[in-house]
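J.: Need coordinates for the following:
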Amino acid sequence: MSGRASKASPFGLGRRAAGQAAGHGPSHERWLITYADLITLLLVFFVVMYSISKADEAKFAKLNASLQRAFNVVVFEGYDPTAPSGRPGGASGNSVIDDFVAIRNDLGQLTAALGGLPGTGIEVRLNREGIVITISGALLFPSGRADLRPESLAVLDRLAQHLRRLRNEVRISGHTDNIPPDSPLYPTNWELSTARAIAVARYLSDRWGIDPARLAAVGYGEYRPVADNATREGRMRNRRVEIQVLYPEMANLFNDSELQELR
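T.: Next up is the predicted model:
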């Protein structure tokens, strides 16, 4: 018995050695297990990333629809919250959505505050820089003058109560029609529109204590019309003051070329 065992043992070892030398041993196939694990992990990673991107897209679509229903405004159609990180704002969809929620709340408060006033001539909307409150020039000022009408103060008071709670910068711009002013105080519409913007800015600062460092006043005269000056209705629309509440984060939604196209 011992003799047969001693002969079988070298034979068995020889077969195992030959098999390992031919490259069929288990140690040479272990890399396949590691490779399969790596492929599985990569697959799981891409599935998770795809799910996150779809969630952000769904959140943004829901927010966009909510804004349009609540305030009858269009919010930058075509924006992709899942854009690559090289595009400004594309690296964090959630932060963009949070910014929109904050702006939506401010827009809603301003709309509610000004919407209850009697009469017409007030419009609240969004643009690429933030929230714009447009007030008819006839509601604020007598014709050809830059002193505020007493009845206009209720509008500015409602507006100021909201603005003083914000930290945003505010740009006030005056606009006119193309008819030259009939006053030695205002040789051109530039002077008249600038004086009107300054009158609004001073009221917000002097009466309501809004920090003057947050306020800017500019006059564009007749050179940025929103309607045709050939008609009476068009000239009335062009005589206006625009109060722009600036939100710098709005610019993060667009790259430089898109901002140029919007101007």
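J.: buried stuff in stretch 144-155?
T.: For stretch 144-155, burial by neighbour count (16 or more other C-beta atoms under 10 Å) applies to Arg145, Ala146, Leu148, Ser152, Val155. For the C-beta atoms, the positions are set from N, CA and C on the backbone; glycine is no exception.
J.: Tell me the one of those residues nearest Arg125?
T.: Val155 (16.3 Å; C-beta to C-beta).
J.: Whichever strand or helix holds that closest one packs against which elements?
T.: Here Val155 sits within helix 153-163, counting by DSSP states H and E. The contact analysis (3 or more C-beta pairs under 8 Å, 6 or more residues apart in numbering; DSSP states H and E) places helix 153-163 against helix 93-115, helix 189-208.
J.: which one of these is the most hemmed in?
T.: Mean neighbours per residue, mean count of other C-beta atoms under 10 Å, is largest over these for helix 189-208, with a mean of 20.
J.: for whatever helix or strand comes next after that one, what is the average pLDDT?
T.: Later in the chain than helix 189-208, the nearest helix or strand by DSSP H and E is strand 215-219. For strand 215-219, mean pLDDT is 98.
J.: now swap in stretch 157-168 and tell me
T.: The predicted model gives stretch 157-168 an average pLDDT of 94.
J.: what's the most distant pair in the buried residues of stretch 144-155?
T.: Arg145 and Val155 (17.2 Å).
J.: Run through who's touching stretch 229-247.
T.: Identification of contacts with stretch 229-247 by C-beta atoms under 8 Å, 6 or more residues apart in numbering yields 99, 103, 106, 110, 127, 129-138, 140, 159, 163, 166, 168-179, 196-197, 200, 222, 225-228.
J.: In strands, which of those fall?
T.: 127, 130-136, 170-175 (DSSP state E).
J.: Widest-spaced pair of those residues?
T.: Longest span within those, C-beta to C-beta: Gly130 and Ser136, 20.6 Å.
J.: Point out where the stretch 151-263 of the chain drops to low pLDDT.
T.: 251-263 (pLDDT under 70).
J.: So what's the residue count around Ala227?
T.: 14 (other C-beta atoms under 10 Å).
J.: Could you do the one 3 residues further on as well?
T.: Residues contacting Ala230 under the criterion other C-beta under 10 Å number 8.
J.: for Arg171, same thing?
T.: Neighbours of Arg171 using other C-beta under 10 Å come to 20.
J.: wait, isn't it in contact with Arg214?
T.: No: using C-beta atoms under 8 Å, Arg171 makes no contact with Arg214, being 9.7 Å away.
J.: Surely Thr40 is in a helix?
T.: Yes: the assignment for Thr40 is a helix, going by DSSP: H, G, I helix; E, B strand; the rest coil.
J.: State the distance from it to Leu159.
T.: Noted for Thr40: a distance of 59 Å to Leu159, by C-beta to C-beta, to the nearest Å.
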